[in-house]
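sequence-free structure coming up:
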């Protein structure tokens, strides 16, 4: 019997308790990355579920780059990195956003896409949704439109999906 994508990802991703600090159950994607069969199935799953038009995939630093680049290559779309402050060269558009304790800044290159472009946001993990919501706001600030989200893993108990516009598709391989 073949496992569905959620079972396959759950079986492949490793849980590391109390990392990086006590009380956190870290979901380690490294075993998934080294298993090319499972990795291809995850990307195939995303391709099959994406049934809407978009121009670019924006990957969130840093693990969102890994899946975003593979997905953009498979779907023949350009890739846009969304990075932390001062990691990109040239003219940038920045957005400061609130974290549970403090704030952070993400940036995109000012010429990353043309105004009016449709962007699909990709990351490895959806927890509270703070960074993905900030990425959506950054794309809007750069005159683009977010048309959906793709995550390998969703930590359902943290209710990050509830922070997104309910009209936007959110594609997840594993709800944990």
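Nice, I can see it. Note that the structure is a prediction, hence the values are computed from the model and not measured. Numbers count the residues shown, from 1 in each chain.

and the residue most central in space within the chain, what helix or strand is that in?
In the chain, the residue lying closest to the centroid (C-alpha atoms, centre = their mean) is residue 123, at 1.6 Å. Residue 123 belongs to strand 118-126 when assigned by DSSP states H and E.

could you do residue 69 as well?
helix 63-75.

now do that helix against strand 118-126, angle only.
130 degrees (axes from the mean of the first three to the mean of the last three C-alpha atoms, to 10 degrees).

does residue 145 really touch residue 118, like I thought?
Yes. Contact criterion C-beta atoms under 8 Å: residue 145 and residue 118 qualify, at 5.4 Å. Using the backbone N, CA and C atoms, a C-beta is placed for each residue, glycine as well.

thinking again about what came up before, C-terminal to the strand holding residue 123, what's the next element?
helix 130-141.

in the chain, which ranges drop under the pLDDT threshold?
Counting by pLDDT under 70, the chain contains low-confidence ranges at 1-2.

can you give me the strands for it?
14-17, 25-28, 56-60, 78-84, 92-99, 102-109, 118-126, 145-154, 170-175 (DSSP state E).

how about TSV for these, with distance to residue 4 added?
Formatted as TSV, the strands of the chain follow (distance: least, C-beta to C-beta, whole Å):
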stretch	distance to residue 4
strand 14-17	19
strand 25-28	18
strand 56-60	24
strand 78-84	28
strand 92-99	34
strand 102-109	33
strand 118-126	19
strand 145-154	14
strand 170-175	10
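
residue 46 and residue 107: what is the separation?
Residue 46 is 25 Å from residue 107, where distance means C-beta to C-beta, to the nearest Å.

neighbour-wise, which of the two wins?
For residue 46 versus residue 107, neighbours defined as other C-beta atoms under 10 Å are more numerous around residue 46 (24 against 21).

just to revisit the earlier point, to residue 161, which of the strands of the chain lies closest?
Across these, residue 161 has its closest neighbour in strand 170-175 (5.5 Å, C-beta to C-beta).

that closest one pairs with which strands?
strand 145-154 (parallel) (DSSP bridges).

in the strand it pairs with, what counts as buried?
146-154 (16 or more other C-beta atoms under 10 Å).

what's the angle from that strand to helix 130-141?
Going by the same axes, to 10 degrees, strand 145-154 makes 170 degrees with helix 130-141.
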